[in-house]
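*Asks:* My questions are about this predicted structure, shown below with the sequence.
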Amino acid sequence: MSYRGLFGRPGVKGFVIAGFVGRMPMSMLGIGIVLLISSLTGSYATAGAVAAVTNVSFAIAAPLSGRLVDRFGQARVIAPLTVVSGLALAALMLCAGFGLPDWTLYVAGFALGASSLSLGSMVRARWSNLYAGSPKLNTAFAFESVADEVVFVTGPALVTVLATAVNPFAGLGVALVLLVGGSFALALQRRTQPPVQEVRHAGGSPILIPGIALLSCVYLAMGAVFGSVDLITVAFAEEHGVKGISGFLLAAFAGGSMVSGLWFGARHWKVSLRRRFVRALGVFAVGLLPIAFIGDVRVLAVSLFFAGLAISPTLITGFSLTERLVPPSLLTEGLAWISTSIGFGVAIGAWAGGRLTESFGASNAYGFSLACALLAAVVGVAGSGLLRLPEAPSPAKS
């Protein structure tokens, strides 16, 4: 299945570009907060805790905003929440800059996370509206996973360079501009937003679907890998006197995922979604084994690249399974639960990574990341029976 045929419909390029720009901050905020606060306070524990609060509040709020989108439409929800999140990010930077008490950082971080939108879920909902039941949908989800990885390749490197070479506030300042600009641009793309459908599952939630609950548990553990690797890698680079390249190390992690995502989405698959998901989880766990035993920056960069190769395939199949398991009237909320689970995991990983780094050093703290990857694989394999799809043809086949 070629990527070439995805963009022919009117309005597709517009929402793809707007969604990409609006998602850039999701890879910049975590490391940007860590770099800013650790630079001003010297504490990775505080920096990791503030980043964790931001991610937890996002994780709590994402399904709620997803439900609002399903009921009222994307445009009516994006605009007000974008204003709030922009103001909250500005407040966080001001509180840090003026040296206000730590509780102000937590309050601003909570407001930022609670008002942040899962734009990836909204973009995927637009793709689903266009290509539901078509083999093109799996390719579209693959493209979005690649776009996510491009974001995670460029975002950490950009915010690190800005924060270390220009000014500690510069990275988050650019993230603020991208967040507001991209979100409002997506809100203006009304022609391609999914129509509001009658809710026939009142009082229910996608998280009550067994398969979605399983996916959420798996992505919780994977999110802990992402959150811990982000923070520990910054500390690892600083321990070796090269803090300025920490963003490039994280870009290697995302780069592996981007490469595999391009390959994965262009393949003609005969293996079921469930089997692809299970195999990708196994490769993810095995790929992370080396990072727990590395003490050299250059070797770490190579290892992070190979460890990232299984990320996109796992996310692509997970989003495809979610689209098949969730009723159309709850699709945005269902997709948001995936983001929520990852967000909770990132919060746990950032907090634990900060504590473990300060107590045992960055190299040893990577053991936590490996343990979370193994947990994700065990849970996914053990519960894979919940992901069996009754429909005969998988939308991933072409």
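*Replies:* Received the coordinates, thanks.

*Asks:* going forward, measure contacts between C-alpha atoms and count neighbours the same way
*Replies:* Will do.

*Asks:* Could you pull out the helices in this structure for me?
*Replies:* 12-41, 44-72, 74-97, 102-115, 119-131, 136-161, 170-187, 210-239, 246-266, 273-287, 297-307, 311-325, 331-360, 362-382 (DSSP state H).

*Asks:* closest one to Gln197 among these?
*Replies:* The closest of the helices of the chain to Gln197 is helix 44-72. By CA to CA, the value is 7.2 Å.

*Asks:* mind listing what's buried in the closest one?
*Replies:* 44-71 (16 or more other CA atoms under 10 Å).

*Asks:* Give the other helices and strands that that helix contacts.
*Replies:* Where contact means 3 or more CA pairs under 8 Å, 6 or more residues apart in numbering; DSSP states H and E, helix 44-72 is packed against helix 12-41, helix 74-97, helix 102-115, helix 331-360.

*Asks:* Could you rerun that using 6 Å?
*Replies:* When contacts are defined as 3 or more CA pairs under 6 Å, 6 or more residues apart in numbering; DSSP states H and E, helix 44-72 sits against helix 12-41, helix 102-115, helix 331-360.

*Asks:* Mind checking the pLDDT average for the shortest one?
*Replies:* Taken as a whole, helix 102-115 has a mean pLDDT of 94.

*Asks:* what's that helix packed up against?
*Replies:* On a contact count with 3+ CA pairs under 6 Å, 6+ apart, helix 102-115 meets helix 44-72, helix 74-97.

*Asks:* Tell me how many other residues surround Asp296.
*Replies:* Asp296 has 12 neighbouring residues, counting by other CA atoms under 10 Å.

*Asks:* ok, back up a step: turn the helices of the chain into TSV, including distance to Pro194.
*Replies:* Listed next are those as TSV, based on distance: least, CA to CA, whole Å:
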stretch	distance to Pro194
helix 12-41	12
helix 44-72	8
helix 74-97	8
helix 102-115	21
helix 119-131	6
helix 136-161	15
helix 170-187	12
helix 210-239	21
helix 246-266	23
helix 273-287	25
helix 297-307	35
helix 311-325	14
helix 331-360	9
helix 362-382	31
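
*Asks:* among those, which is nearest Gly5?
*Replies:* Here helix 136-161 is closest among those (CA to CA), at 8.3 Å.

*Asks:* Measure how far the closest one is from the centre of its chain, please.
*Replies:* Remark: helix 136-161 is offset 9 Å from the chain centroid, using CA atoms, centre = their mean, to the nearest Å.

*Asks:* same check, this time on stretch 39-59
*Replies:* The chain centroid and the centroid of stretch 39-59 are separated by 17 Å under CA atoms, centre = their mean.

*Asks:* I'd like the average pLDDT over that stretch.
*Replies:* What stretch 39-59 shows for mean pLDDT is 83.

*Asks:* same thing with stretch 146-164?
*Replies:* Throughout stretch 146-164, pLDDT has a mean value of 81.

*Asks:* Kindly report the same for stretch 217-227.
*Replies:* Stretch 217-227 comes out at a mean pLDDT of 92.

*Asks:* before we move on, what about stretch 323-333?
*Replies:* 84.

*Asks:* CA atoms of it as PDB?
*Replies:* C-alpha atoms of stretch 323-333 as PDB (Å, rounded to 0.1, in the frame of the first residue of the first chain):
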ATOM      1  CA  GLU A 323     -10.500   1.900  15.800                       C
ATOM      2  CA  ARG A 324     -12.000  -1.600  15.200                       C
ATOM      3  CA  LEU A 325     -13.000  -2.200  18.900                       C
ATOM      4  CA  VAL A 326     -14.600   1.200  19.700                       C
ATOM      5  CA  PRO A 327     -18.100   2.300  18.400                       C
ATOM      6  CA  PRO A 328     -17.800   5.300  15.900                       C
ATOM      7  CA  SER A 329     -19.700   7.600  18.300                       C
ATOM      8  CA  LEU A 330     -16.900   7.200  20.900                       C
ATOM      9  CA  LEU A 331     -13.900   7.000  18.500                       C
ATOM     10  CA  THR A 332     -12.100  10.200  19.600                       C
ATOM     11  CA  GLU A 333     -12.500   9.300  23.300                       C
END
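
*Asks:* Since that was my last question, I'll sign off now.
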